[in-house]
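In: structure, please.
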Amino acid sequence: MSSSNAAAAVPTLRADVKLIGLVGLAHAISHFSQLILPPLFPWLKNAFDVSYTELGAVLTVFFVVSCMVQAASGFIVDKLGPRPVLFVGLGLLGVAAFGYAMAQSYWMLLACAVIAGVGNGVFHPVDYTLFNRKVAPTRLGHAYSVHGITGSLGWALAPAFVVPLAMAFSWRVALASAGALAVTVLLVLWFNRGALSLDVKTVHKATGSDMAAGGEFAFLKIPAVWMCFGFFFFYAMALSVVQTFAPTAAGHLHAVPLTLVAVCLTIYMVASAAGMVVGGFLAADSSHCERIVGAGFGLAAIVALVLAMGDFAPVLVPVMFGAMGFATGIAGPSRDLLVKRSTPANATGRVYGVVYAGLDIGQAFAPLVFGRLMDHGQDMGVIIGLAVVQGVLIVSAFNVRRARREALLPASA
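Out: I've put the predicted structure just below:
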């Protein structure tokens, strides 16, 4: 009877495509909202008579709040289900954007950053709970691939969206329009809310109660969870370096014109998205996820070392950023499978909330280390440091597998 029920519960391709598309659209808005302020810093600096350091503090507040909420929201997702939490998150991102647009002081910007951080912190626990519970296992790799691609597209859309509006009208119009976009996506998801439903009571009944598993915090005793947390901490460091310092450092090393330096990050993100498409097919067999992650970041580290110590024409620097982005993109879907394979059946939201909090912490920590290298003119050190962090990711991925296997030994004995 249980096997027939399981067979009947297998989702159709159409249902999976719809769910993956809706979740991907929401994830794009999450990443979009992370980058609506930085492109407008020149306008905001003049409007509020503040320094770039003070404006950077607004982003720090955003990521610190997002980190705390991300760890906590997983518990709420496991209790209430992902759909209501997703709707609240999107709504708060819209409210924060409208608040930015109406801000009359620097302190109002900080307050809105808190609201935005709360909204942003819910997405990973929500998204991966929906994927892991509702998408057919054979299509999970593609779901993770689309998730990563839409996030990258959200980052790419933000400056292209807000800067032209600010130039044509004002920075307030640009931010209000960003809020309107978030609300529009919320409405799209609301009208398709049936695809996002999840009966949490049935899930709890099928997987066992929290008390039977040792309490709500029992998952924190699983070594593989903390190994995943460490992996995402270093992953965020590598991403932060690429997004902030690596293009400039490579430009200094190889005398790259500013016009080419400016496109390095864009090429990296586009190539990463392409790599995620390939990685989605490779992740169809989850038993190889550590090897795929190791190979992807291994290739990326080699490219970074060549970028740091090689001697070649400036025009090749953007090409190398593309190669590095493609390699890391291939590893993306398998990276997410690392977490799934280490997650107890009744604690999906909690595990993803804690593990992905490592992303926010890594993004907050990396500028402190690599910014200091840039201040001291250590351009080669920045790129070599990037390669070292990518190498650590290889070790971290296999440590996750080792911790997971050690946890299984008592059960098999």
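
In: secondary structure element holding the closest residue in space to residue 151 that isn't next to it in sequence?
Out: Excluding the flanking residues, the one nearest residue 151 by C-beta to C-beta, 6 or more residues apart in numbering is residue 31, at 4.5 Å. C-betas here are computed from N, CA, C, even on glycine. Element membership for residue 31, per DSSP states H and E: helix 13-34.

In: buried residues in that helix?
Out: 16-20, 22-34 (16 or more other C-beta atoms under 10 Å).

In: please tell me how far the next helix or strand after it is from the chain's geometric centre.
Out: Next helix or strand after helix 13-34 toward the C-terminus (DSSP H and E): helix 41-48. Distance, stretch centre to chain centre, for helix 41-48: 28 Å (C-alpha atoms, centre = their mean, to the nearest Å).

In: report the buried residues of the helix or strand just after helix 41-48.
Out: Using DSSP H and E, the helix or strand that follows helix 41-48 towards the C-terminus is helix 52-80. In terms of neighbour count (16+ other C-beta under 10 Å), helix 52-80 has its buried residues at 55, 57-59, 61-67, 69-78.

In: before we move on, the earlier item: ok, the residue nearest to residue 151 to residue 123 distance?
Out: 9 Å (C-beta to C-beta, to the nearest Å).

In: same question for residue 378.
Out: For residue 378 relative to residue 123 (C-beta to C-beta), the value is 35 Å.

In: neighbour count winner among those two?
Out: residue 123 (29 against 15; other C-beta atoms under 10 Å).

In: what about the more buried one, distance to residue 173?
Out: Distance from residue 123 to residue 173, by C-beta to C-beta: 26 Å.

In: same check on residue 129?
Out: Residue 129 is 36 Å from residue 173, by C-beta to C-beta.

In: looking at these two, which is more packed in?
Out: residue 129 (28 against 14).

In: report the rounded mean pLDDT for the helix or strand encompassing that one.
Out: Secondary structure from DSSP H and E places residue 129 in helix 123-134. Averaged over helix 123-134, pLDDT sits at 87.

In: now swap in stretch 160-178 and tell me
Out: Mean pLDDT, computed over stretch 160-178, is 93.

In: same check, this time on stretch 192-208
Out: 71.

In: now do stretch 393-413
Out: 63.

In: can you check stretch 365-383 too?
Out: On average, stretch 365-383 scores 84.

In: distance from it to the middle of the chain?
Out: On C-alpha atoms, centre = their mean, the centre of stretch 365-383 falls 23 Å from that of its chain.

In: list the buried residues in it.
Out: Neighbour-count burial for stretch 365-383 flags 366-367, 370, 373-374, 379-383 (criterion: 16+ other C-beta under 10 Å).

In: kindly report the same for stretch 287-304.
Out: 289-290, 292-304.

In: narrow the residues you listed to those in helices?
Out: 289-290, 292-304 (DSSP state H).

In: residues of stretch 149-163 that come out buried?
Out: 149-159, 161-163.

In: neighbours of the residue nearest to residue 292 when sequence neighbours are not counted, just the number please.
Out: Leaving aside its sequence neighbours, residue 292 sits nearest to residue 334 (C-beta to C-beta, 6+ apart; 4.0 Å). Using other C-beta under 10 Å, residue 334 has 27 other residues around it.

In: what about residue 334, which SS state?
Out: At residue 334 the chain is in helix, as set by DSSP: H, G, I helix; E, B strand; the rest coil.

In: do the same with residue 284
Out: Residue 284 is classified as coil under three-state DSSP.

In: was I right to think it contacts residue 137?
Out: No. Counting by C-beta atoms under 8 Å, residue 284 does not reach residue 137; the two are 9.3 Å apart.

In: just the element for the residue nearest to residue 21 when sequence neighbours are not counted, please.
Out: Distances taken as C-beta to C-beta, 6+ apart put residue 146 closest to residue 21, at 7.5 Å, once the chain neighbours are dropped. Element membership for residue 146, per DSSP H and E: helix 140-168.
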